[in-house]
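Enquirer: got a predicted structure plus its sequence, pasted below:
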Amino acid sequence: MAGLAVTLNIAAQTLMNTQTELSTASNNISNATTTGYAVETAVQTENPSTQMVYGYLGAGASVTSISQKRDNFLEQQLMNATSSDSQYTSQASELSTIQSVASDSGSTGISQALGNFFDAWGTLSQNPTGVAEQSAVYSAGQNLASAIQTTYSQLDNINTQLTTQISDTATQANSLLSQIAQLNTGIVRGGTTPTSQPNDLIDQQYAALDSLSKLIPINFSKQSDGTFTVTATVNGSSETLVSEGTVNSTPIAATDSVGGGQLGGLQNAQTELTGYMGQLDNFASTLESQANTTSGFSVFSGTTASTISANSGYLSGQSATTLAPSAQAMSNLQDQAVSFSDLNNPSSTLQGYLNYIQQNIGTDAQTANINQSYYDSLKSELQSQQQSVSGVSMDEEMVHVIQFQQIYQAAAKVVTTTATLMNTVINMVQ
């Protein structure tokens, strides 16, 4: 009779185990498309055997935990790729905008205005006292100064927008750090042992880490209590950003160097933009000094791209004898090499320096696009590997459901058979 009772208990435990396994499989199927969800498995452990006179009798098994399938090394590699992809995506996007604003093919933009300016001086050299020719010189100078100012102003607007984006990105990163700390607290409260953690909170934690990795590069480690410690390299030093339920008292600042992610990409784009704006200032300053010195007149005033302006009236009352050589010298200036302090070889024509600025923008944009394409492919490959480990396979889950159904039916049959045998024994002793 005791043996039948043990058999009945084992069968009853099997029914409960199978119900848990079916619920786990159902949950997997329900969350097959949920972002951040990792497939779960009901882990069974063999119960201690019972010693009988004839040996040890097995006591079945019990579900001891619901585990998730995750590879933390792979998760970290994916977050690293995500940070790099996000960095170059944001950088390439901003550089594309800059490239569009500063577009200067030679027939448009500042180059066109510069060419028209020198052409006007060339025409003036043929008829130095002509009213129409002098008016054309004034107009061409104004158009050139306006083109420089307009381009600089548009770049400055982008710079302002970048400053706002960088600040907003840092704020988002700090918000996610607070969220991760709060989830850590929830995990500790919800879990009684390392094997009984609230998996839904852990899924949320990985999703938050993934979102954070898009903004800044991070490293994470999962502790024995289920919480996550998050570190990052900030201004060249490794810092712990989150430990248990606590966030670093010094938040991520817009001026912090984090070395990647969207924040790093925006910062890099702003640094490069500042360089282009400095080069445009250098062009405006050189144009002003060379034009005034070569012509002998005050053609331009202002020594930066934002302040340069074309003067008027300086040709009035000048004789042909004075204007002709000045106009010719100005026309010849377009082909002369002048000094630019930021060039390795400081000699270049004014047009050549404009080409140099365009080349810098184009090279930086191309490099960002190439890197973005590489890391996007790497991220996709790692995502596929992650899904092969943590993703829900509908085929596998359906096989499990059928398997659990068969086990349940078999256990139910054991219960029915055991109950019949127990009734027979009871009737025999009455």
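Expert: Received it, and whenever you're ready, just let me know what you need.
Enquirer: mind listing the helices for the protein?
Expert: With DSSP state H as the criterion, the chain has helices at 2-30, 72-101, 109-126, 131-190, 199-215, 261-295, 320-333, 350-390, 394-429.
Enquirer: in the stretch 251-400 of the chain, where is pLDDT below threshold?
Expert: Scanning the stretch 251-400 of the chain for pLDDT under 70 picks out 343-346.
Enquirer: and the closest residue to Val234 other than its chain neighbours, how many residues sit next to it?
Expert: Leaving aside its sequence neighbours, Val234 sits nearest to Asp256 (CB to CB, 6 or more residues apart in numbering; 5.3 Å). Yep, even glycine has a C-beta here, placed from its N, CA and C like the rest. Per other CB atoms under 10 Å, the neighbour tally for Asp256 reads 20.
Enquirer: ok, Gly260 - contacts?
Expert: Ser83, Ser84, Ser86, Gln87, Ile216, Pro217 (CB atoms under 8 Å, 6 or more residues apart in numbering).
Enquirer: make TSV out of those residues and add distance to Glu381, pLDDT and neighbour count.
Expert: Converted to TSV, these look like this (distance: CB to CB, whole Å; pLDDT from 0 to 100; neighbours: other CB atoms under 10 Å):
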residue	distance to Glu381	pLDDT	neighbour count
Ser83	16	97	28
Ser84	13	97	24
Ser86	16	98	26
Gln87	18	97	30
Ile216	22	97	29
Pro217	19	97	22
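Enquirer: just the closest of those to Tyr276, please.
Expert: Ranked by distance to Tyr276 (CB to CB), those are led by Gln87 at 19.4 Å.
Enquirer: am I right that that closest one is in contact with Gln267?
Expert: No. Using CB atoms under 8 Å, Gln87 makes no contact with Gln267, being 9.4 Å away.
Enquirer: let me know the pLDDT of Ala42.
Expert: On pLDDT, Ala42 comes in at 89.
Enquirer: hang on, I meant Gln223
Expert: 89.
Enquirer: that older thread, need the helices of the chain in a markdown table (columns: distance to Ser65).
Expert: Output for those, formatted as a markdown table (distance: least, CB to CB, whole Å):
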| stretch | distance to Ser65 |
| --- | --- |
| helix 2-30 | 11 |
| helix 72-101 | 17 |
| helix 109-126 | 66 |
| helix 131-190 | 14 |
| helix 199-215 | 10 |
| helix 261-295 | 35 |
| helix 320-333 | 81 |
| helix 350-390 | 17 |
| helix 394-429 | 17 |
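Enquirer: minimum distance to Gly236: which of the ones you listed has it?
Expert: Going by CB to CB, the one of the helices of the chain nearest Gly236 is helix 261-295, 12.9 Å.
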